[in-house]
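Q: structure for the following, please:
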Amino acid sequence: MTSDELCERAQSLIERGDFDTAVQDMDRAMDQEPENARLWLLKGVALGLAGKHAEALPCFERCTELHPRVFSGWYHKGVAYAALGKGGEAIECYRRARRIDPTDASSAFNLGAELCKTGALAEALEQFGDAKTLGHERAVQAHSACRQMLQESKNTKS
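A: Numbering: from 1, shown residues only. Got it, this is the predicted structure:
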C-alpha cells in the first residue's frame, strides 16, 4: 500500500477506535515518507486517543518541526502536554495554535482551561469568551465559572 492509502486506512481505523492498527499503518507509511508531517500527526492522534500521551508527544513534536504552521500539530501537542500535567507547555502550544487559527473554538477553550489552572483568571476569562463567541459547547459554563472565580479573588484581595 502507498503512504496515502495507509493514511486513509488509518483515519478510518481511528474513527472505529482501532488505534493500535492505525499506529502500525502510520509506521509503515513513515517508512515510505518519514518527512510527511501528516503521518506524524495521525500517529500522534491515534496514540493520544489510546491514552498514550507520552508516546504521542514526540509525534506532535516531529509534526511541528516539519511544518510549524500546521494548526493541528500545535493543538494536539497542547492536548498531550495538558494530559501529562505540563500546563506551561500546553499553554504555549495552545497560544501558537491560536495564532495560526484564531477561529478554532477548542484551542481557545483549552487555553482558557490551562490558564485558569495557573490562576491567570483574567486571561482565561478572555479565552473562554472567545471560545463562547466561536461556539464551543462548554464555553458558556466555563466563562461563567471563571468570571465568578475572578470576582472572588478580587473580593479576597479587598
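Q: just checking, what's the longest helix in the protein?
A: Taking DSSP state H as the criterion, the chain has its longest helix at helix 139-157.
Q: who touches it?
A: The set of residues external to helix 139-157 that reach it, using CB atoms under 8 Å, 6 or more residues apart in numbering, is 105, 108-109, 112-113, 116, 119, 121-122, 124-125, 128-129, 131-132. In short, each C-beta sits where N, CA and C put it, glycine included.
Q: ok, now with 10 Å
A: Here helix 139-157 makes contact (CB atoms under 10 Å, 6 or more residues apart in numbering) with 105-106, 108-109, 112-113, 115-116, 119, 121-133, 136.
Q: these in strands, which ones?
A: Under the assignment DSSP state E, those contribute nothing to strands.
Q: which ones among those residues lie within helices?
A: Using DSSP H, the members of those that fall within helices are 105-106, 108-109, 112-113, 115-116, 121-133.
Q: weed out the non-buried ones from the residues you listed.
A: Buried residues within the ones in helices among the contacts of helix 139-157, counting neighbours by 16 or more other CB atoms under 10 Å: 105-106, 108-109, 112-113, 115-116, 121, 124-132.
Q: which non-adjacent residue is nearest Asp101?
A: If the residues on either side of it in the chain are set aside, Asp101 comes closest to Phe71, at 4.4 Å by CB to CB, 6 or more residues apart in numbering.
Q: does that neighbour touch Phe60 like I think?
A: No. Proximity of Phe71 to Phe60 does not meet the contact threshold set by CB atoms under 10 Å, at 11.8 Å.
Q: what about the two, which has more around it?
A: The residue with more neighbours, out of Phe71 and Phe60, is Phe60; 30 against 17, by other CB atoms under 10 Å.
Q: tell me who's in contact with the nearest residue to that one once chain neighbours are set aside.
A: The shortest distance from Phe60 to any residue that is not its chain neighbour, by CB to CB, 6+ apart, is 3.7 Å, and that residue is Lys77. With contacts defined as CB under 10 Å, 6+ apart, the neighbours of Lys77 are 41, 44, 48, 56-61, 63-64, 89-90, 92-94, 96-97.
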